[in-house]
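Chemist: Pasting the sequence and the predicted coordinates here, then a few questions.
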Amino acid sequence: MSEKYFRKVELRRGFELPELYLRMERDGVLHHGKDREDWLKNWHRGHWETRVRLVKPPALSCTSGERSVYWDPPAEVGQWDPPEYWKDRIFVSFASSSYGDYWCWDPDLADSHGLPVIFCPHDYMEAEIFAPNFEAFLFRSILESWIGITEHELEQFDGGKSDYKKFIKANVSTLEPYLNPQWVETLKKISERELTEHKYRLESLYSLLEQDEADALLKNFVPGRVGETFRPTKD
């Protein structure tokens with residue numbers, strides 16, 4: 001059924017969806033349930049869901065906040081209607097964040113590195129080339145999700161930090177078949193570290209690495225445009 005929806009998107013938008021994305025969709029690792037409502041229900045189901053998350057969580061389920069990734073069901077891929085000021089772009093959405101922003105492909109920016117993934121805020125006239133292709137999007141997303149982990153995220157697990165570490169490793173396991181082996185080995189090594197606590201204003205944040213280290217890893221491992229921003233050609 002999902003292939004039918006994806007084919008319609010490709011025909012309507014005039015480009016092919018990344019094969020890696022299609023493979024992950026076929027493998028069922030982009031789903032928490034049958035739709036967004038089911039996703040939210042599953043995510044907060046308590047002890048049963050905690051066990052599921054520690055064994056085989058959906059891809060990038062460890063992301064949170066502004067850069068969280070909520071995968072669109074197949075029927076919703078490409079359905080986001082961008083604001084008028086972005087009408088000169090071909091943004092094809094495939095996921096959203098908890099802040100209501102969108103993860104998209106922009107076929108006009110495709111190059112030798114692949115089809116870039118764009119982070120497009122719903123209320124701000126500036127988008128970011130988050131990664132040069134879908135594989136790099138997966139790598140950067142999981143890597144940066146380990147920089148600022150909140151106490152609220154830890155509290156979702158029965159075992160606190162101990163269970164969250166298992167959750168992190170399970171997320172790496174989910175992505176392992178789809179990523180460059182060198183990237184997987186790097187993620188596995190970082191996931192073995194202890195969570196470091198940082199005081200931020202009135203709360204504590206926990207991390208496995210700092211932003212400077214993440215930036216250096218991306219610069220070393222990911223060729224192409226990462227973090228470039230752009231605005232509409234017409235306001």
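Modeler: Cool, got the structure.
Chemist: What ranges does the chain have for its helices?
Modeler: Along the chain, the segments classed as helices by DSSP state H run 2-13, 19-27, 36-43, 47-55, 134-144, 151-155, 161-175, 181-191, 211-221.
Chemist: Going by mean pLDDT, which of these comes out lowest?
Modeler: When the helices of the chain are ranked by mean pLDDT, helix 47-55 comes last with a mean of 56.
Chemist: who's in contact with the most centrally placed residue in the chain?
Modeler: Using C-alpha atoms, centre = their mean, the residue of the chain that lies closest to the mean C-alpha position is residue 69, 4.2 Å off. Neighbouring residues of residue 69 by C-beta atoms under 8 Å, 6 or more residues apart in numbering: 59, 60, 63, 95, 97, 103, 141. From N, CA and C alone the C-beta is placed, and that goes for glycine too.
Chemist: one more time with 7 Å, if that's ok
Modeler: 60, 63, 95, 103, 141 (C-beta atoms under 7 Å, 6 or more residues apart in numbering).
Chemist: most tightly surrounded among the helices of the chain?
Modeler: Comparing those by mean neighbour count (mean count of other C-beta atoms under 10 Å), helix 134-144 ranks first with a mean of 23.
Chemist: And the closest residue to residue 17 other than its chain neighbours, how far from residue 26?
Modeler: Among residues not flanking residue 17 along the chain, residue 6 sits closest, at 5.6 Å (C-beta to C-beta, 6 or more residues apart in numbering). Taking C-beta to C-beta, to the nearest Å as the measure, residue 6 falls 10 Å from residue 26.
Chemist: for residue 225, same thing?
Modeler: Residue 225 sits 28 Å away from residue 26 when distances are taken as C-beta to C-beta.
Chemist: do residue 59 as well
Modeler: Distance, residue 59 to residue 26, by C-beta to C-beta: 13 Å.
Chemist: Residue 68 too?
Modeler: Counting by C-beta to C-beta, the gap from residue 68 to residue 26 is 24 Å.
Chemist: How about residue 110?
Modeler: For residue 110, the distance to residue 26 - C-beta to C-beta - is 22 Å.
Chemist: and what of residue 2?
Modeler: Separation of residue 2 from residue 26 (C-beta to C-beta): 8 Å.
Chemist: Likewise for residue 107?
Modeler: Taking C-beta to C-beta, one finds residue 107 at 22 Å from residue 26.
Chemist: ditto for residue 93
Modeler: Separation of residue 93 from residue 26 (C-beta to C-beta): 20 Å.
Chemist: again with residue 177
Modeler: Separation of residue 177 from residue 26 (C-beta to C-beta): 12 Å.
Chemist: Endpoints of stretch 171-185, how far apart?
Modeler: Counting by C-alpha to C-alpha, to the nearest Å, you get 13 Å between the two ends of stretch 171-185.
Chemist: Fine by me, we can end here.
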